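Engineer: Model the following, please.
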Amino acid sequence: MIEEAKIINQPISGEFEERIYDNESVWNSSNWSWIKFVNDDYTEWCGQFRGSTRQVALSKKYNTVLVLTSDYLFQLDRLSGNIIEIERNLQYHNLTVSPDGEYLIADYYRIEKISNSIGLKAEIKSPVQMDDVKFGGWSEDILKITCEEFMNWDRHLILEYNCNTDKIEIK
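Structural biologist: Sure thing, here's the model as predicted:
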């Protein structure tokens, strides 16, 4: 079972057991990402994913790992490391997992919550229309978010998402 997932640079050949995660398409980029996985028995292995590196998140609640690249959003099973679902990624650039195990993903304009399937996303309502959404870090149950107000790019905002209330507030 996968216990850790971390973005790494391309490993030296033979350094890790490797698995390739790809989806054949004429629209694929020539870029690749590497994620090092550590299992519960402390064995390490590496996944090679189609697309430039963006982010990786692991949810023990759903027993899944999400890998976000410039080309795809991959959902893996924590038990086997096998692909559950793949979604072509044209817009997402932020990914995180809340302390309670829920995934949050963002494009430039909105934030969505993913539970157990990347095909089922629910938008989290914001008090303002956002542009250039960026996730900061978690402080207990609060996620720091920065953005610009849509169509008012001089208004730089700091927002907070509370995973307990499922609300976004302006700070």
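
Engineer: Might you report the residue contacts of W45?
Structural biologist: Applying C-beta atoms under 8 Å, 6 or more residues apart in numbering to W45 gives the contacts 16-19, 36-37, 39, 81. Just so you know, the C-beta spots here come from the backbone N, C-alpha and C atoms, and that holds for glycine as well.

Engineer: same question, L104
Structural biologist: With contact taken as C-beta under 8 Å, 6+ apart, L104 is in contact with 94-98, 111-114, 124, 135, 143, 161.

Engineer: Likewise for R88?
Structural biologist: Contacts of R88 (C-beta under 8 Å, 6+ apart): 23, 25, 27, 71-72.

Engineer: Now stretch 95-114: buried residues?
Structural biologist: Neighbour counts over stretch 95-114 (16 or more other C-beta atoms under 10 Å) mark 95-98, 101-106, 108, 110-111, 113-114 as buried.

Engineer: just to revisit the earlier point, most widely separated two among the contacts of W45?
Structural biologist: E18 and N39 (14.5 Å; C-beta to C-beta).

Engineer: circling back: export the contacts of L104 as TSV, with columns for secondary structure.
Structural biologist: Output for those, formatted as TSV (DSSP: H, G, I helix; E, B strand; the rest coil):
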residue	secondary structure
N94	strand
L95	strand
T96	strand
V97	strand
S98	coil
I111	strand
E112	strand
K113	strand
I114	strand
I124	strand
F135	strand
L143	strand
Y161	strand
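
Engineer: could those go into JSON lines alongside pLDDT and distance to E44?
Structural biologist: Converted to JSON lines, these look like this (pLDDT from 0 to 100; distance: C-beta to C-beta, whole Å):
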{"residue": "N94", "pLDDT": "96", "distance to E44": "27"}
{"residue": "L95", "pLDDT": "97", "distance to E44": "22"}
{"residue": "T96", "pLDDT": "97", "distance to E44": "23"}
{"residue": "V97", "pLDDT": "97", "distance to E44": "21"}
{"residue": "S98", "pLDDT": "97", "distance to E44": "26"}
{"residue": "I111", "pLDDT": "97", "distance to E44": "32"}
{"residue": "E112", "pLDDT": "97", "distance to E44": "31"}
{"residue": "K113", "pLDDT": "97", "distance to E44": "31"}
{"residue": "I114", "pLDDT": "96", "distance to E44": "26"}
{"residue": "I124", "pLDDT": "97", "distance to E44": "35"}
{"residue": "F135", "pLDDT": "97", "distance to E44": "27"}
{"residue": "L143", "pLDDT": "98", "distance to E44": "29"}
{"residue": "Y161", "pLDDT": "98", "distance to E44": "32"}
